[in-house]
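J.: sequence isn't available, so here's the structure alone:
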């Protein structure tokens, strides 16, 4: 795991580019070189949006091997923030009884993944610290409905981010907490979004990437009265299930089921002679009948899984995201008894 000193050494060397790795949500993490100046541009845009100023405090609690952690440091460098670094863990705000511990009581800015936020909410002292952060941005995975409902009550600003390694962390934010909470993402300054012919989000952000990026995220787009745009993500194109001519988004099915299923689960698909593809649910439980009953009560008729497959654990990537490709293979093997 890269240390802060190692990152700073790379940052301050004579090379104009820095090596980063994609998060691996669709496979093995891949290396890519990015311009340091574009990373500074991204940092400036975020700091301007959030109103961060020199002397504010920023928490580094994510691995520096990936873009999210690197960009926390770059924001601190660009805006002259006071960087507070703790080892990456599920409890970044844990009480340590060290002299540095008091720094966690007055944070201006922090970036976390959903699991860190969830874990921090379980401990009263950590929850209090989490609530005191003036700007908390959350990325690197989906924020489920129950977690979002808790964050909506926070007194300060909590944001969900949208972005990827190619956009040098996020290019859009949506407010989770307070009266201005929304399901729609607002692109940052200098970012233009559009939809492709197959309803996938396209991003043009020349300050962070010179190319127009074509994503696999199915999205909705709307234009506000002032001419600005907002978008909402429905799911990944790869995760569309074409069942008997009806296109079903796996993430939308999961969103509806999440408040009702207590066990771990994932929606995937298997080949079907009649339908082409059949909705399939993997569950971390032996009670397939109860899971199917819940699905029938909650989901539209054509979304109900045709197969309920109990497994020992839901496959995840190294960064904790659903391993969709592995789930596809696993469902096929379980169904055929391989």
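T.: Now that the structure is in, tell me what you want to look at. Given the structure is predicted, the values throughout are model-derived calculations rather than measurements.
J.: in contact with the residue nearest to residue 85 when sequence neighbours are not counted: list those residues for me.
T.: Spatial nearest neighbour of residue 85, excluding adjacent residues (CB to CB, 6 or more residues apart in numbering): residue 60 at 4.4 Å. From N, CA and C alone the C-beta is placed, and that goes for glycine too. Counting by CB atoms under 8 Å, 6 or more residues apart in numbering, residue 60 makes contact with 4, 69, 72-73, 76, 83-86.
J.: would you map the strands across the stretch 151-300 of the chain?
T.: With DSSP state E, counting those that start in this stretch as the criterion, the stretch 151-300 of the chain has strands at 157-164, 169-175, 186-187, 192-195, 200-204, 213-223, 229-236, 240-243, 246-249, 265-272, 276-283.
J.: contacting residues around residue 115?
T.: Counted by CB under 8 Å, 6+ apart, residue 115 has contacts 90, 141, 320.
J.: neighbour-wise, which of those leads?
T.: Within the contacts of residue 115, most neighbours by other CB atoms under 10 Å means residue 141, with 17 neighbours.
J.: which ones are touching the nearest residue to it once chain neighbours are set aside?
T.: Spatial nearest neighbour of residue 141, excluding adjacent residues (CB to CB, 6+ apart): residue 114 at 4.9 Å. Taking CB under 8 Å, 6+ apart, we find residue 114 in contact with 138, 140-144, 147.
J.: kindly report the same for residue 209.
T.: The contact partners of residue 209, by CB under 8 Å, 6+ apart, come to 38, 166-168, 203.
J.: do the same with residue 280
T.: Contacts of residue 280 (CB under 8 Å, 6+ apart): 267-270, 305-309, 331, 335.
J.: with residue 200 instead?
T.: 214-219, 237.
J.: how about a cut-off of 10 Å?
T.: Contacts of residue 200 were listed using CB atoms under 10 Å, 6 or more residues apart in numbering, and they are 194, 214-219, 236-237.
J.: need the max-distance pair from those.
T.: Across these, no pair lies farther apart than 194 and 236, at 17.8 Å, counting by CB to CB.
J.: looking at those two, which has the bigger crowd around it?
T.: residue 236 (19 against 14).
J.: domains for the chain, by residue range?
T.: Split into domains by automatic domain parsing, the chain comes to 4-189+218-234, 244-336.
J.: can I get the ones you listed in TSV with mean pLDDT and distance to residue 208?
T.: As requested, the domains of the chain are exported to TSV (pLDDT from 0 to 100; distance: least, CB to CB, whole Å):
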stretch	mean pLDDT	distance to residue 208
domain 4-189+218-234	92	5
domain 244-336	93	21
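J.: got the ones you listed as JSON lines, with distance to residue 199 columns?
T.: Output for the domains of the chain, formatted as JSON lines (distance: least, CB to CB, whole Å):
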{"stretch": "domain 4-189+218-234", "distance to residue 199": "5"}
{"stretch": "domain 244-336", "distance to residue 199": "10"}
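J.: ok, now which ones touch the residue lying closest to residue 259 once chain neighbours are set aside?
T.: Of all residues not flanking residue 259 in the chain, residue 145 sits nearest, at 5.9 Å (CB to CB, 6+ apart). Applying CB under 10 Å, 6+ apart, we find residue 145 in contact with 255-256, 258-259.
J.: and of those, the nearest to residue 283?
T.: Nearest to residue 283 among the contacts of residue 145, with distances taken as CB to CB, is residue 258, at 12.8 Å.
J.: if I look at the residue nearest to residue 113 when sequence neighbours are not counted, how far off is residue 114?
T.: Sequence neighbours aside, residue 140 is the residue nearest to residue 113 in space, at 4.1 Å (criterion: CB to CB, 6+ apart). For residue 140, the distance to residue 114 equals 7 Å [CB to CB, to the nearest Å].
J.: need the residues touching each of these two.
T.: Residues within reach of residue 140 and of residue 114 at once, by CB under 10 Å, 6+ apart, are residue 320.
J.: in this structure, where's the longest helix?
T.: Identified as the longest helix of the chain according to DSSP state H is helix 36-50.
J.: could you give the angle of that helix to strand 157-164?
T.: When axes from the mean of the first three to the mean of the last three CA atoms, to 10 degrees is applied, the directions of helix 36-50 and strand 157-164 differ by 150 degrees.
J.: for helix 36-50, buried residues please.
T.: 36, 38-47, 49-50 (16 or more other CB atoms under 10 Å).
J.: and which of those residues is nearest residue 223?
T.: residue 49 (19.8 Å).
J.: the closest one contacts residue 175, correct?
T.: No: in terms of CB atoms under 10 Å, residue 49 does not count as a neighbour of residue 175; the distance is 11.4 Å.
J.: common neighbours of those two, please.
T.: With contacts defined as CB under 10 Å, 6+ apart, the residues adjacent to both residue 49 and residue 175 are 159, 186.
J.: strand partners (parallel or antiparallel) of the strand or helix carrying residue 137?
T.: Secondary structure assigned from DSSP states H and E places residue 137 in strand 135-138. If you go by DSSP bridges, strand 135-138 pairs up with strand 109-112 (parallel), strand 157-164 (parallel).
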